[in-house]
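Participant: Dropping a prediction and its sequence here:
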Amino acid sequence: MKPRRIPLPLLALCLLVPVAAITLGCNKQQTPSEASAEVKPAAATNAMAAPAASPAPANSTSTAPKPDINGTHAMQYVKEIVAIGSRPPGSPGHAKVEQYILSKLKGVDVEQDKFTAQTPIGKFPINNIIAKFPGRKDGIIVVAGHYDTNYPLPKAYVGANDGGSSTALLLALADQFRGKELDGYSVWLVWTDGEEAFVKWTDSDSLYGTKHLAQKWQQDGTAKKVKAFILVDMIGDADLDIQEETNSTPWLSELVYQAATNLGYQSHFYQFKAGIEDDHLPFLRIGVPAVDIIDLDYGYNNVFHHTVQDTLDKLSPQSLAISGDVVLEAIRLVNARQ
Ligand SMILES: [Zn+2]
């Protein structure tokens, strides 16, 4: 549950932005062809994923992967995750998705940040999974996304977009970094846990994993080395419409928009603003630059969010590819920034 992540209903948000944005942003949801968007065939993915404009070469990222995420491959990960079923902490589905993620990280330096969280309905095991890809520059770029689903929800809930898409995108990014020595900063991929509330979203009943990890990184000195914390959440929506998240660090938020623009994907970004509570907040609070790449406009008026309608058919490989490519380009831009 993240009903309090957004302070106003999206409709109200739309009323706060200029008329042009209303036309472009809110009405877009009412277009029948887009509202019933389906998974496109694989052949369409490559065409859509191809950058419209080639990014300028960076000075020192020759071994870094180019923005060319395979959306079909990422979608396959979502399918396998959704097949597990509901994945709230403490559930069999959660244990399965943990093993699933770890099984895809063979040969990678992986750290598990396990602890027990006290929630309003008792104690639950939480496990942030961190995959580390070393770079030559001193510093770390973190890309994070949650892998848990809501608790409790009907068994039919699969969280294809909310939990599934972020888990899958990070796996697709791991495929890009595996076996490469990065010339730039190290990249750490973090599958965060306990993002969702157990009862009702509040400051205390939410973000269990990242609150723990931020505190740990503050104590052990890791936080000072993190140049950017890039969060992805609900980025598989076929109607991809990433909001400009207003809690995010301004320079990093602008850098993400620049990354999207470099690749010709800017029409999917920042048509309207929203303040959203998400896993980036604990890191912002300890001074780490952080940005939330999120589409909390999932179905007309966000109707699919946290419902059994959050299913595979609402997602597209293109959206996963676009989101992944923008993350890779953002990493390049952070590395190029001095
Ligand atoms: Zn959620």
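Facilitator: Done, it's in.
Participant: Which part of this protein gets nearest to the ion, residue-wise?
Facilitator: Relative to the ion, the nearest point of the chain is Asp162 (4.1 Å; CB to the ion). Any C-beta I mention is one placed from the backbone N, CA and C, and that applies to glycine too.
Participant: ok, that residue touching Gln309?
Facilitator: No - Asp162 is beyond contact range of Gln309, at 11.0 Å (criterion: CB atoms under 8 Å).
Participant: Between those two, which is the more surrounded one?
Facilitator: The residue with more neighbours, out of Asp162 and Gln309, is Asp162; 28 against 16, by other CB atoms under 10 Å.
Participant: ok so, going back, what about the residue of the chain closest to the ion, distance to Asn70?
Facilitator: 22 Å (CB to CB, to the nearest Å).
Participant: swap in Thr246?
Facilitator: Distance from Thr246 to Asn70, by CB to CB: 32 Å.
Participant: Looking at those two now, which is surrounded by more residues?
Facilitator: Ranked by neighbour count (other CB under 10 Å), Thr246 and Asn70 place Asn70 first, with 19 against 13.
Participant: which intervals of the protein have sub-threshold pLDDT?
Facilitator: For the chain, the stretches flagged by pLDDT under 70 are 1-63, 338.
Participant: Could you rerun that using 90?
Facilitator: Scanning the chain for pLDDT under 90 picks out 1-67, 151-155, 180-181, 338.
Participant: which stretches of the stretch 1-150 of the chain form helices?
Facilitator: 10-16, 19-25, 32-35, 42-49, 71-84, 92-103 (DSSP state H, counting those that start in this stretch).
Participant: Which secondary structure elements does the longest one sit against?
Facilitator: Applying 3 or more CB pairs under 8 Å, 6 or more residues apart in numbering; DSSP states H and E, one finds that helix 71-84 contacts helix 42-49, helix 92-103, helix 166-177, helix 317-336.
Participant: Can I get these in JSON lines including mean neighbour count?
Facilitator: Converted to JSON lines, those look like this (neighbours: other CB atoms under 10 Å):
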{"stretch": "helix 42-49", "mean neighbour count": "15"}
{"stretch": "helix 92-103", "mean neighbour count": "17"}
{"stretch": "helix 166-177", "mean neighbour count": "25"}
{"stretch": "helix 317-336", "mean neighbour count": "26"}
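Participant: which bits of the stretch 51-200 of the chain sit near the ion?
Facilitator: By CB under 5 Å from the ion, the residues of the stretch 51-200 of the chain that approach the ion are Asp162.
Participant: What ranges does the stretch 51-200 of the chain have for its strands?
Facilitator: Using DSSP state E, counting those that start in this stretch, the strands of the stretch 51-200 of the chain run over 109-119, 122-133, 135-146, 182-192.
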